[in-house]
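**Student:** just a sequence and a predicted model for now, questions to come.
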Amino acid sequence: MFIDLPPLPYEKNSLEPIISTQTIQYHYGKHHKGYVEKLKKLIDGTKWEKEKLETIIKRTDNQTIYNNAAQVFNHTFYWNSMSPKRQQPEGALKMLLEKYFGSIDEFKKKFIEAGTTLFGSGWVWLVQDKDGALKIKQTRNAHCPLKDNEIPLLTCDVWEHAYYLDYKNERKKYLEKWWDLINWDFAAKNMKT
């Protein structure tokens, strides 16, 4: 079985005060873990049992399997999209952000706006399309850009469980604070060159 709960890339208290240990324990230890456990049960004994997570997401027509597989991927990607070490975009990533959004500040504004205006639960992503262009993408519920043949570079979880304990219903405040946690090195490594 290839599907497992990956370890966090940092200690549970490393993102404080922006994201509390309590939120991480609940979000990672309950939500993310729950998707992993459910997916393992769903694919046990099926043709998906030995497939990679990305393959399941791209090829399954079973909505329940897809939702759980996508949520496992999305959450893992979310944890890796953050770092306790403050960073700035550099090199090719910085140049592409400036090319497609005008400036880093304009990208930040549009990204936060996309996360704030997404109705209901979902994700806001920075993705790269097949032509190499960078785009901000809103996805509802469990949807994953892999299904649309886009390359995810970073993501922010805007389901309420990601921020409610720390920010109550202030999603915009969460997104503004989350900005300081972006793992730009991770985003740059995901880029297609």
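**Tutor:** Received the coordinates, thanks. Numbers count the residues shown, from 1 in each chain.
**Student:** so residue 143 touches residue 122, yeah?
**Tutor:** Yes. At 7.1 Å, residue 143 counts as touching residue 122 under the criterion of CB atoms under 8 Å. C-beta coordinates here come from the backbone N, C-alpha and C atoms, glycine included.
**Student:** residue most distant from the centroid, the protein?
**Tutor:** For the chain, the largest distance from the centre (CA atoms, centre = their mean) belongs to residue 45, which lies 28.6 Å off.
**Student:** tell me the SS of it?
**Tutor:** Put simply, residue 45 is coil when judged by DSSP: H, G, I helix; E, B strand; the rest coil.
**Student:** which residues of the protein fall in strands?
**Tutor:** Per DSSP state E, the chain carries strands over the ranges 122-128, 134-140, 151-157.
**Student:** C-alpha coordinates for the last one, PDB please?
**Tutor:** These are the backbone C-alpha positions of strand 151-157, laid out as PDB (Å, rounded to 0.1, in the frame of the first residue of the first chain):
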ATOM      1  CA  ILE A 151       1.100  21.700 -11.800                       C
ATOM      2  CA  PRO A 152       0.400  22.800  -8.300                       C
ATOM      3  CA  LEU A 153       3.100  25.100  -6.900                       C
ATOM      4  CA  LEU A 154       1.600  26.000  -3.500                       C
ATOM      5  CA  THR A 155      -1.800  25.900  -1.800                       C
ATOM      6  CA  CYS A 156      -3.700  27.400   1.100                       C
ATOM      7  CA  ASP A 157      -6.500  25.400   2.800                       C
END
